[in-house]
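Provide a 3D model corresponding to the input given below.
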Amino acid sequence: MIKGLEKLLAAGKDSPELRFGLGNAYLKAGDFEAAALHLQACVEQKPEYTAAWKLLGKAFQQQDKLIESLDTYRRGISVALQQGDLQAEKEMNVFCKRLERQLQSESE
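Residues are numbered from 1 along each chain as shown. Below you'll find the predicted structure:
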């Protein structure tokens, strides 16, 4: 799946949906850096893509980039509220609270 998506990208078929698909595929494959790169490109191309913000936060979290993850979720929450995507907003709020607790316990 990743090879096919990478071929489309190499052929100049870049789009937010393609970047989301690549980011999601790399996330599932455990390549969190590649996932983050594609998901960042996705939200740059389509800032209102709430699902991409959620996965980007997860990709950062999997790399132990907890501050980046928290910032990403917060931006995603703002976007989700603007888009009326209450489910994504609710999920990212839960992820934020968990990260905030984790960061607080690490600093104690």
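
CA atoms for contacts and neighbours, from now on please.
Noted.

let's verify Asp14: helix, strand, or coil?
Under DSSP: H, G, I helix; E, B strand; the rest coil, Asp14 falls in the coil class.

what does the pLDDT read for it?
For Asp14, the pLDDT comes out at 97.

next one: it from Lys7, what distance?
Using CA to CA, to the nearest Å, Asp14 is found at 10 Å from Lys7.

can you give me the end-to-end span of stretch 34-54?
16 Å.

go through that stretch and flag the buried ones.
34-43, 47-54 (16 or more other CA atoms under 10 Å).

ditto for stretch 59-72
59-62, 66, 68-70, 72.

and the furthest pair within these?
Gln62 and Thr72 (13.1 Å; CA to CA).

in the protein, what residue sits furthest out from the centroid?
Note on the chain: the largest C-alpha distance from the chain mean falls to Glu108, namely 28.1 Å (CA atoms, centre = their mean).

contacts only, for Ala34.
23, 26-27 (CA atoms under 8 Å, 6 or more residues apart in numbering).

take the residues you listed and keep only those in helices.
23, 26-27 (DSSP state H).

for the host helix or strand of Arg101, the distance to its chain's centre please.
Secondary structure assignment for Arg101, by DSSP states H and E: helix 86-107. Centroid displacement of helix 86-107 relative to its chain, using CA atoms, centre = their mean, to the nearest Å, is 14 Å.

okay, now Leu86: neighbour count?
13 (other CA atoms under 10 Å).

ok, the residue nearest to it when sequence neighbours are not counted - contacts?
Distances taken as CA to CA, 6 or more residues apart in numbering put Ala80 closest to Leu86, at 6.6 Å, once the chain neighbours are dropped. Contacts for Ala80 were tallied using CA under 8 Å, 6+ apart; they are 48, 50, 86, 88-89.

what would these look like in CSV with distance to Arg98 and pLDDT?
Listed next are the contacts of Ala80 as CSV, based on distance: CA to CA, whole Å; pLDDT from 0 to 100:
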residue, distance to Arg98, pLDDT
Glu48, 24, 97
Thr50, 19, 97
Leu86, 19, 96
Ala88, 16, 96
Glu89, 14, 97
